[in-house]
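predicted model follows, preceded by the sequence.
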Amino acid sequence: MEHHRLWEQEQNMEVSVRFLELIGHLSQRYKVASDIFMKRLRTSRGVSSNAEFDYLKHEDLKAQEEALRSLSSFLLLSVDLAKRHRTLLKGLLEDEEKPVKVAALATVAKLILTSPNEFPDLLDGVSDLMDTDTSEVQLEAYTVYAHLLLSKKMKAQGFMKRLAVGLLHKDARIKGLMKELVTQLMDGNAKSRCVLVISIFKQCPGNRRDSLARTLVNDILAPCDLEAEEFGSSVLQLLRLGQSEAAHFLPKLHPSKNLVSKIDSWTQLDSSKVCALKSKKISQSVLGLMSRYRPASAAEKDTQTRVLSQLEKICGRHESRAQLPYEVKGGICIEDYEREISKFKDVRLDGSLADLL
């Protein structure tokens with residue numbers, strides 16, 4: 001009890017810090033002397049490996065782990081104390097030894113949970129480990145992020161790209177952790193769930209969105225999420241803006257009256273200027289979505305028929321373009337040729353051919 005009161009007294013804090021620094025200085029000098037001694041001993045006995053000294057290495061690791069636990073307890077005594085020694089923690093996060101990094105991550109996680117806005121530099125250090133380090137340390141770093149997000153100490157909206165990359169990670173453990181995290185973060189109403197998924201998709205690197213869309217459809221989104229009006233509208237908006245990878249969601253969408261109305265407005269525009277209809281694959285997916293629509297009235301049936309007809313024409317143009325033996329240059333497309341031919345047919349030849357020329 002006296003020992004704990006000693007640490008809690010502010011007037012003894014500086015003395016304690018100096019004492020720990022002295023211990024650290026002495027331990028470093030001891031380590032140097034120990035290394036020199038062991039090197040000489042191996043040389044004199046003709047030992048070429050550390051096999052005969054494994055017990056010493058084991059004892060050294062035990063002492064290191066104990067020292068890290070003590071340091072963690074010391075820094076967690078107060079936020080001010082941790083802030084004064086944040087450089088030490090950053091150094092531990094960059095240490096070469098895995099156990100040191102893992103111990104430092106545990107301490108950093110506790111500090112950020114206590115004061116989430118006080119240690120942005122340490123949070124950056126955790127983020128760096130998620131990108132560049134070995135699998136074991138990466139897993140620990142991702143675990144720290146998961147705890148911070150689930151504890152509501154950090155807003156998930158600021159970490160959408162990190163969630164997207166984690167869902168596609170090559171390490172199955174990290175991928176599973178991120179799937180569980182996203183599933184728990186989606187525990188809300190339909191609108192908030194939609195916002196979260198669309199945000200993750202938009203922040204994903206463009207060359208990996210195809211894979212992410214498949215992961216979201218197969219492992220994250222429930223049928224009720226995919227059939228929600230809010231989600232369908234968001235997917236069409238992504239396609240309208242040219243994010244073609246969102247087409248992976250189309251086969252699972254529910255074709256509501258509102259979605260049909262949006263697609264109808266697309267087909268009434270010049271298809272060469274609608275990003276969502278420039279791609280053969282997307283046009284065919286939209287056509288499939290419209291085919292699944294079940295109209296409730298004669299007017300809705302007429303709309304469906306008109307839209308299907310327009311989409312079939314657009315898909316036919318894509319097929320014709322694909323069969324061209326050469327690539328059309330200068331931005332001219334089949335639609336442009338069709339318009340010019342139509343204009344020519346409408347011209348009335350009232351004069352002679354010579355006058356026309």
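Happy to help now that I have it.

any weak-confidence spans in the stretch 151-300 of the chain?
Residues of the stretch 151-300 of the chain that meet the criterion pLDDT under 70 lie in 270-273, 276.

do you have the helices of it handy? List them.
Listed in chain order, the helices of the stretch 151-300 of the chain (DSSP state H, counting those that start in this stretch) span 160-167, 172-185, 190-203, 209-215, 223-226, 229-240, 257-267, 280-291, 298-322.

quick one: closest of those helices to Leu123.
For the helices of the stretch 151-300 of the chain, the distance to Leu123 is smallest for helix 160-167, at 11.2 Å, taking C-beta to C-beta. Bear in mind the C-beta positions are built from the backbone N, C-alpha and C, glycine included.

what sits up against that closest one?
Residues outside helix 160-167 that contact it (C-beta atoms under 8 Å, 6 or more residues apart in numbering) are 127, 130, 142, 145, 156, 174-175, 177-179, 181-182, 199-205, 208, 212, 215-216, 220.

do that again at 7 Å, thanks
Identification of contacts with helix 160-167 by C-beta atoms under 7 Å, 6 or more residues apart in numbering yields 142, 145, 174-175, 178-179, 182, 199-200, 203-204, 212, 215.

and the helices of the stretch 151-300 of the chain: which comes nearest Leu111?
Leu111 lies closest to helix 160-167 among those, at 19.5 Å (C-beta to C-beta).

now the angle from the closest one to helix 172-185?
Interaxial angle of helix 160-167 relative to helix 172-185 (axes from the mean of the first three to the mean of the last three C-alpha atoms, to 10 degrees): 130 degrees.

ok, back up a step: among the contacts of helix 160-167, which pair sits farthest apart?
Pairwise distances across these peak at 20.1 Å for Ile174 and Ser199 (criterion: C-beta to C-beta).

between these two, which is the more surrounded one?
Remark: of Ile174 and Ser199, Ile174 carries more neighbours, 22 against 18, as counted by other C-beta atoms under 10 Å.

could you list the domains of the chain?
Here the domain assignment for the chain is 85-154, 178-254, 255-344, based on automatic domain parsing.

need those domains in a markdown table (columns: distance to Ser78).
Putting these into a markdown table (distance: least, C-beta to C-beta, whole Å) gives the following:
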| stretch | distance to Ser78 |
| --- | --- |
| domain 85-154 | 10 |
| domain 178-254 | 31 |
| domain 255-344 | 55 |
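
nearest approach to Leu168 belongs to which of the ones you listed?
Closest approach to Leu168 among those is made by domain 178-254 (5.5 Å; C-beta to C-beta).

now the end-to-end length of the closest one.
This stretch, domain 178-254, spans 27 Å end to end (C-alpha to C-alpha, to the nearest Å).

burial count for Lys281?
Neighbour count for Lys281, taken as other C-beta under 10 Å: 12.

with Gly158 instead?
Close neighbours of Gly158, defined as other C-beta under 10 Å, add up to 9.

how near is it to Gly176?
Going from Gly158 to Gly176 by C-beta to C-beta, to the nearest Å gives 23 Å.

would you agree Cys194 is in contact with Gly232?
No - look at Cys194 against Gly232 with C-beta atoms under 7 Å: they stay out of range, at 9.2 Å.

ok, the closest residue in space to Leu311 that isn't next to it in sequence to Lys101 distance?
Of all residues not flanking Leu311 in the chain, Leu287 sits nearest, at 4.4 Å (C-beta to C-beta, 6 or more residues apart in numbering). As judged by C-beta to C-beta, Leu287 and Lys101 stand 53 Å apart.

when the two are compared, which one has more neighbours?
A direct count of neighbours by other C-beta under 10 Å for Leu287 and Lys101 places Lys101 higher, at 22 against 18.

and that one, what pLDDT?
Looking at Lys101, its pLDDT reads 84.

from Gln157, how far off is it?
On the measure of C-beta to C-beta, Lys101 and Gln157 end up 28 Å apart.

all set, thanks.
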